[in-house]
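1. Make a model of this:
(one chain, ligands or ions: 1)
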Amino acid sequence: MNQQPEIDRLADLVAASKYMVALTGAGISTESGLPDFRSPGTGLWERVDPMEVLSAEALQFRPEVFYTQGLDLLGAFREVSPNPAHKALGRLEEAGILKAVITQNIDSLHQQAGSRKVIEVHGNLRDATCTQCFRKYPFAEIKSQVKRGIIPPKCSCGGIIRPDVVLFGDPMPPAFQEAVTEASKSDLMLVIGSSLQVVPAAYLPRLAGQLAIVNLEPTPYDAAAAVVIHGRAGEVMEALSAELEHRGVI
Ligand code: APR
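-> Next up, the predicted model:
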């Protein structure tokens, strides 16, 4: 289906914006080979109940499940490369148009694509922390201890080391407050690849001046958006970059 009219409309909004932010979800990384959570048939949560194996409750009361099945699930977010959608956001930031990427993703692909202001509201898979003395560790420390049968993985102080991923049941990290500030300052928020079903992240679009959505499936915010493009993030963002380049905007 020719989506050029919507791409042109989106380019109008981007070119006219004074403070644009992006809000991304797992759907921006599926073209890099990572799974998302709720796509019918392929989403991770179609197969596993995160509350059972990858929640704050599981970490506290079922550490042997959390550090085996839960860690295997996190292993699905293996090292992959950024795709054209991530790279397009990096270019928009370089051109001074995009002021921040607010991401629900833990895959670090925005940073690898060159984005500098990346606000990770659901944490990351790079780091880990001792729940007792708060000493930081690389996530690899958890994997190496679990591999040696040390479950739960232990800090030198005797405390438990946990991933810096925000689990269901965790409080939101300080990054969420930064995301609220950025969303509130924005006159345009471009949502890419999110079902916008998980709060409080899914409240952020309410704070933006205007909304544009690029997503394969409909979202609860479609009716409130100035532009909605139901398409693949990579293709749409490449077409948007080409249109902005043609206009001399980037
Ligand atoms: N292009 C555009 N959209 C896509 C693509 C793609 N290539 N692939 C998938 N999508 C869309 C899907 O249609 C879906 O609506 O991306 C959306 C992804 O939604 P979810 O799987 O719910 O992921 P997300 O919105 O990031 O979930 C939010 O839920 O489980 C928690 O912490 C987890 O951060 C995650 C949060």
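2. ok, Ala113 to Ile250 distance?
-> 15 Å (C-beta to C-beta, to the nearest Å). C-beta here means a position set from N, CA and C on the backbone, and glycine is covered the same way.
3. And these two? Which one has more around it.
-> Ala113 (23 against 20; other C-beta atoms under 10 Å).
4. Quick check: the more buried one touching His86?
-> Yes - in terms of C-beta atoms under 8 Å, Ala113 counts as a neighbour of His86; the distance is 3.5 Å.
5. What's the biggest strand in this protein, counting residues?
-> strand 123-130 (DSSP state E).
6. Which residue ranges make up each domain of this structure?
-> 1-34+82-122+172-250, 39-76+126-165 (automatic domain parsing).
7. Could you pull up the mean pLDDT of the first one?
-> Looking back up the chat, that one is domain 1-34+82-122+172-250. Per-residue pLDDT over domain 1-34+82-122+172-250 has a mean of 97.
8. Helices of the protein, residue ranges please.
-> 4-16, 50-53, 56-61, 63-65, 71-74, 84-94, 109-112, 139-147, 174-185, 233-246 (DSSP state H).
9. Quick one: residues in contact with the third one.
-> Pointing back at helix 56-61 there. For helix 56-61, contacts defined as C-beta atoms under 8 Å, 6 or more residues apart in numbering pick out Met51, Glu52, Val65, Phe66, Gly70, Arg162, Leu167, Phe168, Gly169, Asp170.
10. Buried residues, that helix. List them.
-> Ala56, Ala58, Leu59 (16 or more other C-beta atoms under 10 Å).
11. Quickly note the distance from the first one to Ala85.
-> This means Ala56. Taking C-beta to C-beta, one finds Ala56 at 31 Å from Ala85.
12. and what of the last one?
-> Using C-beta to C-beta, we find Leu59 at a distance of 32 Å from Ala85.
13. likewise Val214?
-> 8 Å.
14. Also Val118?
-> 14 Å.
15. Tell me which of the two has more neighbours.
-> Ala85 (30 against 22).
16. That one contacts Gly27, correct?
-> No - look at Ala85 against Gly27 with C-beta under 8 Å: they stay out of range, at 9.0 Å.
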